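Undergrad: What follows is a protein structure lacking sequence information:
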């Protein structure tokens, strides 16, 4: 995969399309390339790259989960004198980390440390030089989409590839489209700055691919209003509200008809097929999507199948059938997810068995006790002492 952090090279051009992006930047979409990141060049510069980078990527070579957002944070926070790799190493978050919850916790702590180091509560509004780096392998796809609405639908459809720690939903309400964003919960809540970064990068990416100053009608934050809200109003370019029940970015529905200058149906079809293939290679099927939702919902209580089906935009019966086709069931996934989380909690040993039981969605600690005996052959207290 070609990395946007390397802007001094590009593959030789084959069958593809070239168009002018925002601010006159040249964007090349290579219709034969299996790389999924856009190649962005300033002033139409032409450079060469060894053919080795064009080798088709095998599943074992796919980027780690969250790699694109890690690159985006490196670009953005590097301008503020913060070494992201160094901080994540100190937080024991490996570049190859495959556990979404560990990633989410690490990123939460990273942003809290960034505020402490800089003393700037608005540091999350810092944008990487190239916002499309955060979209990773979906960048080609949204650049080739016909309209902004199509690009958004691609992001929603392939959101597990965008990031395993993010959950996006879109609702149509009259003359507006409402994008909601939630971040996978971990052992600590996500700070304002992490939500700032994700929202602002997504907004800048939409502006970049359309070459238009797309502005939401309003943005709502589930956080208390900062002492000085001016930086947020300036960065988002719209009304910003705080103390909401969830994060929302509300757009005029007409904005979703904006055509994308680099639209190319052939490239979009190729990239869509490639994204679908990678979803399959990564196991980003229905059961993976269910697991991701369970990680978010377990701490709220015993998850219901109808609720998860609704979030996946399918009926409960359809969800049951799709999971059966994948040789699993909702009950089995709930049990497996709880077991995996329990292993991690017990290994860390920093919360009590009662706290673990509620974090895993058990209504009664005695249910967690029985589950531990079934999973591991020992009680939570015995396992905690052993760790």
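TA: In hand now; what should we look at? Small disclaimer: the values here were computed from a predicted structure and weren't measured.

Undergrad: Residue 166 against residue 180, yeah?
TA: No: with contact defined as C-beta atoms under 8 Å, residue 166 does not count as touching residue 180 (11.0 Å). Quick note: C-beta positions are derived from backbone N, CA and C, even for glycine.

Undergrad: With neighbour numbers in mind, choose between those two.
TA: residue 166 (20 against 15; other C-beta atoms under 10 Å).

Undergrad: quick one: that one from residue 383, how far?
TA: As judged by C-beta to C-beta, to the nearest Å, residue 166 and residue 383 stand 32 Å apart.

Undergrad: can you check residue 375 too?
TA: 9 Å.

Undergrad: And these two? Which one has more around it.
TA: Taking other C-beta under 10 Å, residue 375 and residue 383 do not tie; residue 383 has more neighbours (20 against 16).

Undergrad: burial of the closest residue to that one other than its chain neighbours, as a residue count?
TA: In space, residue 383 comes closest to residue 346 once its chain neighbours are excluded; the distance is 4.8 Å by C-beta to C-beta, 6 or more residues apart in numbering. Using other C-beta under 10 Å, residue 346 is surrounded by 21 other residues.

Undergrad: What residues of whatever helix or strand residue 346 lives in count as buried?
TA: Element membership of residue 346 [criterion: DSSP states H and E] is helix 330-348. Judged by neighbour count using 16 or more other C-beta atoms under 10 Å, the buried positions of helix 330-348 are 330, 333, 334, 337, 338, 341, 342, 345, 346.

Undergrad: quick one: contacts of the following helix or strand past that helix?
TA: Moving toward the C-terminus from helix 330-348, the next helix or strand (DSSP H and E) is helix 353-359. Residues from elsewhere that reach helix 353-359 (C-beta atoms under 8 Å, 6 or more residues apart in numbering): 298-299, 341-342, 345-346, 351, 364-365, 367-369, 380-381, 384.

Undergrad: Which among those residues count as buried?
TA: Judged by 16+ other C-beta under 10 Å, buried ones among the contacts of helix 353-359: 298, 341, 342, 345, 346, 365, 368, 369, 380, 384.

Undergrad: And those, which two are furthest apart?
TA: 298 and 384 (19.2 Å; C-beta to C-beta).

Undergrad: Surely residue 248 is within a strand?
TA: Yes: applying DSSP: H, G, I helix; E, B strand; the rest coil, one finds residue 248 inside a strand.

Undergrad: Enumerate every residue touching it.
TA: With C-beta under 8 Å, 6+ apart, residue 248 has these contacts: 178, 179, 180, 181, 219, 220.

Undergrad: got those residues as a markdown table, with secondary structure and pLDDT columns?
TA: Shown next, in a markdown table, are those (DSSP: H, G, I helix; E, B strand; the rest coil; pLDDT from 0 to 100):
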| residue | secondary structure | pLDDT |
| --- | --- | --- |
| 178 | strand | 94 |
| 179 | strand | 93 |
| 180 | strand | 90 |
| 181 | strand | 89 |
| 219 | strand | 97 |
| 220 | strand | 97 |
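
Undergrad: If we only consider the residues you listed, which is nearest to residue 226?
TA: residue 219 (13.5 Å).

Undergrad: Now do the contacts for the closest one.
TA: Per C-beta under 8 Å, 6+ apart, neighbours of residue 219: 199, 232, 236, 238, 239, 240, 241, 247, 248, 249, 250.

Undergrad: Please report how far it lies from residue 183.
TA: 16 Å.

Undergrad: Next: residue 170.
TA: 17 Å.

Undergrad: So between those two, which is more surrounded?
TA: Using other C-beta under 10 Å as the criterion, residue 170 and residue 183 rank with residue 183 on top: 20 against 16.

Undergrad: so the more buried one sits right up against residue 163, yeah?
TA: No: using C-beta under 8 Å, residue 183 is not in contact with residue 163; the gap is 9.1 Å.

Undergrad: buried residues in stretch 323-331?
TA: 323, 328, 330.

Undergrad: Find the centremost residue of this protein, please.
TA: Note on the chain: the residue nearest the mean C-alpha position is residue 163, at 2.7 Å, using C-alpha atoms, centre = their mean.

Undergrad: That residue touches residue 66, doesn't it?
TA: Yes: using C-beta under 8 Å, residue 163 is in contact with residue 66, at 5.7 Å.

Undergrad: Reformat the buried ones among the contacts of helix 353-359 as CSV; add pLDDT and distance to residue 147.
TA: Below are the buried ones among the contacts of helix 353-359 laid out as CSV (pLDDT from 0 to 100; distance: C-beta to C-beta, whole Å):
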residue, pLDDT, distance to residue 147
298, 88, 37
341, 87, 40
342, 88, 45
345, 83, 45
346, 83, 49
365, 90, 51
368, 91, 49
369, 91, 54
380, 85, 52
384, 72, 54
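
Undergrad: Pick out whichever of those residues sits closest to residue 118.
TA: The closest of the buried ones among the contacts of helix 353-359, once distances to residue 118 are taken by C-beta to C-beta, is residue 345, at 32.0 Å.

Undergrad: tally of neighbours for the nearest residue to the closest one once chain neighbours are set aside?
TA: Using C-beta to C-beta, 6+ apart and skipping residues adjacent in sequence, the residue nearest residue 345 is residue 356, 4.7 Å away. Burial of residue 356 is recorded as 22 neighbouring residues (other C-beta under 10 Å).

Undergrad: Look up how far residue 141 lies from residue 356.
TA: 40 Å.

Undergrad: where along the stretch 51-200 of the chain do the strands fall?
TA: 166-173, 176-183 (DSSP state E, counting those that start in this stretch).

Undergrad: Can you pull out the low-pLDDT segments for this protein?
TA: 1-65, 185-186, 282-285, 313, 386-387 (pLDDT under 70).

Undergrad: Tell me how many other residues crowd residue 312.
TA: Neighbours of residue 312 (other C-beta under 10 Å): 15.

Undergrad: Apologies, that question was intended for residue 225.
TA: Around residue 225 there are 12 residues (other C-beta under 10 Å).
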